[in-house]
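**Q** Have a look; sequence and predicted model below, questions after that.
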Amino acid sequence: GAGVSQSPSNKVTEKGKDVELRCDPISGHTALYWYRQSLGQGLEFLIYFQGNSAPDKSGLPSDRFSAERTGGSVSTLTIQRTQQEDSAVYLCASSLAAGTTEAFFGQGTRLTVV
Amino acid sequence: GENVEQHPSTLSVQEGDSAVIKCTYSDSASNYFPWYKQELGKRPQLIIDIRSNVGEKKDQRIAVTLNKTAKHFSLHITETQPEDSAVYFCAASRGLTGGGNKLTFGTGTQLKVEL
């Protein structure tokens, strides 16, 4: 596609439910990142995929968070047993590892846990 | 891992004045330093970047300087305009060498350009 696409744009879920957030990176981009941005705050790193290498999961805040990237393309971020503090905008970005490292962001998924 | 600090957290300038935002990083292996602008309700977008083989880069009213010895880099915006009002994030990564290109961001600077 022309850019990074994320779905859904908005998600309201009840506390304790599981949610899945999807990211479609730019075709050919081998690097894919997930960040979390709480209201008025910075970009908190969650997880990073680079090609076929093991992902860097160092930013995941708890074992309720997991992510996978199938076939080196689409990625899904899963949050189990959601808590109110999980409410935030979840941003996905991708970059072309070979030759440039500019990261292109998706529009984000606004998650609200009620 | 890398740690990026950014100052100030908020910055208010008069239209036409210059604005400077500063960042420091901890990982001496970092060699790629992008700056992103995030307007209210929108996604972050790259405005300028610099690699460690140069000390300064300029693009119209925006410039970035890098001091590898001191491990700090700065964003300079001249002749500020109201449309420059946004949150600016600096970032650092190792680029294509040793460790991939994980991007670590600073905490952001809210720039307000007043008429």
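**A** Structure's in. What do you need?
**Q** Which residue would you name as the spatial centre of chain A?
**A** Taking C-alpha atoms, centre = their mean, the centroid of chain A lies closest to A:W34, which sits 3.3 Å from it.
**Q** Got the confidence number for it?
**A** In this prediction, A:W34 carries a pLDDT score of 97.
**Q** For it, give the beta-bridge partners.
**A** A:I47, A:C92 (DSSP bridges).
**Q** Run a quick neighbour tally on the spatially closest residue to B:Y88 that is not a sequence neighbour.
**A** Closest residue to B:Y88 apart from its sequence neighbours, by C-beta to C-beta, 6 or more residues apart in numbering or on different chains: B:T109 at 4.9 Å. Placement of C-beta: from N, CA and C, glycine included. Neighbour count for B:T109, taken as other C-beta atoms under 10 Å in any protein chain shown: 23.
**Q** which outside residues touch stretch B:18-26?
**A** With contact meaning C-beta atoms under 8 Å, 6 or more residues apart in numbering or on different chains, stretch B:18-26 is reached by B:2-8, B:11, B:13, B:33, B:70-80, B:84, B:88, B:90, B:92, B:104, B:106, B:109, B:111, B:113.
**Q** tell me the contacts of B:S52?
**A** Here B:S52 is in contact with B:30-33, B:66, B:68 (criterion: C-beta under 8 Å, 6+ apart).
**Q** now those as JSON lines including neighbour count, pLDDT and secondary structure?
**A** Conversion of those to JSON lines gives the following (neighbours: other C-beta atoms under 10 Å in any protein chain shown; pLDDT from 0 to 100; DSSP: H, G, I helix; E, B strand; the rest coil):
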{"residue": "B:S30", "neighbour count": "22", "pLDDT": "89", "secondary structure": "coil"}
{"residue": "B:N31", "neighbour count": "21", "pLDDT": "88", "secondary structure": "coil"}
{"residue": "B:Y32", "neighbour count": "20", "pLDDT": "89", "secondary structure": "strand"}
{"residue": "B:F33", "neighbour count": "25", "pLDDT": "93", "secondary structure": "strand"}
{"residue": "B:L66", "neighbour count": "21", "pLDDT": "96", "secondary structure": "strand"}
{"residue": "B:K68", "neighbour count": "15", "pLDDT": "93", "secondary structure": "coil"}
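**Q** Keep only those of those that are also close to chain A.
**A** B:Y32 (C-beta under 8 Å from any C-beta of the partner chain).
**Q** For the contacts of B:S52, which two are the farthest from each other?
**A** Maximum pairwise distance in these, criterion C-beta to C-beta, is 12.1 Å, between B:Y32 and B:K68.
**Q** Residue ranges in chain B under the pLDDT threshold?
**A** Flagging of chain B using pLDDT under 70 yields the residue ranges B:95-101.
**Q** all strands for it, in order.
**A** Per DSSP state E, chain B carries strands over the ranges B:4-7, B:10-14, B:19-25, B:32-38, B:45-51, B:56-59, B:62-67, B:72-77, B:86-92, B:104-105, B:109-114.
**Q** Flag every residue of chain A that's near chain B.
**A** A:31, A:33, A:35, A:41-43, A:45, A:48, A:50, A:53, A:56, A:58, A:91, A:93, A:95, A:97-99, A:101-108.
**Q** Just the buried subset of these, written out for ChimeraX, thanks.
**A** Listed next is the ChimeraX selection for buried residues among these, using 16 or more other C-beta atoms under 10 Å in any protein chain shown:
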select /A:31,33,35,42,43,45,48,50,56,91,93,95,97,101,102,103,104,105,106,107,108
